[in-house]
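Participant: Below is the sequence, then the predicted model.
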Amino acid sequence: MTKVQVRELVFEKFISKEEIDAAVQKVADGINRDYEGKDPLLLAILNGAFIFASDLMRKITIPCEISFVKFASYSGTLTTSKVRELIGVDEELKDRNVIIVEDIVDTGITMDKLLLDVKKKKPASIKVACFCFKPEAFQKDFAIDYVGVIIPNDFIVGYGLDYDGQGRNLPEIYKIVE
Ligand code: IMP
Ligand code: MG
């Protein structure tokens, strides 16, 4: 399938299953190397990151734990720059080695807000792992420690990423056809 329709928009194949798998493995390799003996807590951002987080966690071979927060910022294909917190940070993060797991860092506004919230809980360390990163859209200055794939500033769906709630179930990543 090289083209798919999600609602009224047409998307074309962009990142294959094999490329996704290799990108997730690369992130997992970094975490396995850096967190030996540190019992990291993955903090995944719902909804988009649930598929990446579950694949990533199964490639992590050291003891680790997971928890979730739920934030929303997108409306259709545009970021709203207003981040709504739907499920907050409830886990005891004090003295934990936290790895925030996100599907995509676009403007960085969502992650910037979560980083502030997480820092208040006084974790031992915080790092950021994202599946996709759009450097051309990035407006913040936090470090992204683990990146699966760097992509241009195109709207994508699949592998957990949605357009207006749909398209998350596509096993590969598709980008919008202009
Ligand atoms: P940011 O706050 O602008 O960095 O946007 C982050 C959030 O917007 C991500 O968690 C995604 O849910 C969503 N998002 C950003 N870019 C895309 C995209 O290309 N497709 C689908 N969702 C996206
Ligand atoms: Mg998201």
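Facilitator: Structure received. Ligands and ions are numbered 1, 2, ... in the order given.

Participant: need the residues of the chain near ligand 1, please.
Facilitator: 45, 48, 73-74, 79, 102-111, 155-157, 161-162 (C-beta under 6 Å from any ligand atom). The way it works is simple: take the backbone N, C-alpha and C, and place the C-beta from them, glycine included.

Participant: Give the burial count for F14, as a bare number.
Facilitator: 19 (other C-beta atoms under 10 Å).

Participant: my read: it touches I156, true?
Facilitator: Yes. Using C-beta atoms under 8 Å, F14 makes contact with I156 at a distance of 6.2 Å.

Participant: Give the residues shared as contacts by these two.
Facilitator: Common contact partners of F14 and I156 (C-beta atoms under 8 Å, 6 or more residues apart in numbering): 173-175.

Participant: So which of the residues you listed sit within strands?
Facilitator: 173-175 (DSSP state E).

Participant: helix or strand right after the worst-scoring helix or strand of the chain on mean pLDDT?
Facilitator: Here the helix or strand of the chain ranked lowest by mean pLDDT, DSSP states H and E is strand 78-87, holding a mean of 72. Toward the C-terminus, strand 78-87 is succeeded by strand 97-105 as the next helix or strand (DSSP states H and E).

Participant: ends of stretch 150-162, how far apart?
Facilitator: One end of stretch 150-162 sits 18 Å from the other (C-alpha to C-alpha, to the nearest Å).

Participant: Averaged pLDDT, stretch 56-70. What do you get?
Facilitator: Stretch 56-70 shows a mean pLDDT of 96.

Participant: picking up where we left off before, include neighbour count, distance to P63 and pLDDT when you put the ones in strands among the shared contacts of F14 and I156 into a markdown table, please.
Facilitator: Formatted as a markdown table, these follow (neighbours: other C-beta atoms under 10 Å; distance: C-beta to C-beta, whole Å; pLDDT from 0 to 100):
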| residue | neighbour count | distance to P63 | pLDDT |
| --- | --- | --- | --- |
| I173 | 26 | 30 | 98 |
| Y174 | 28 | 35 | 98 |
| K175 | 17 | 37 | 98 |
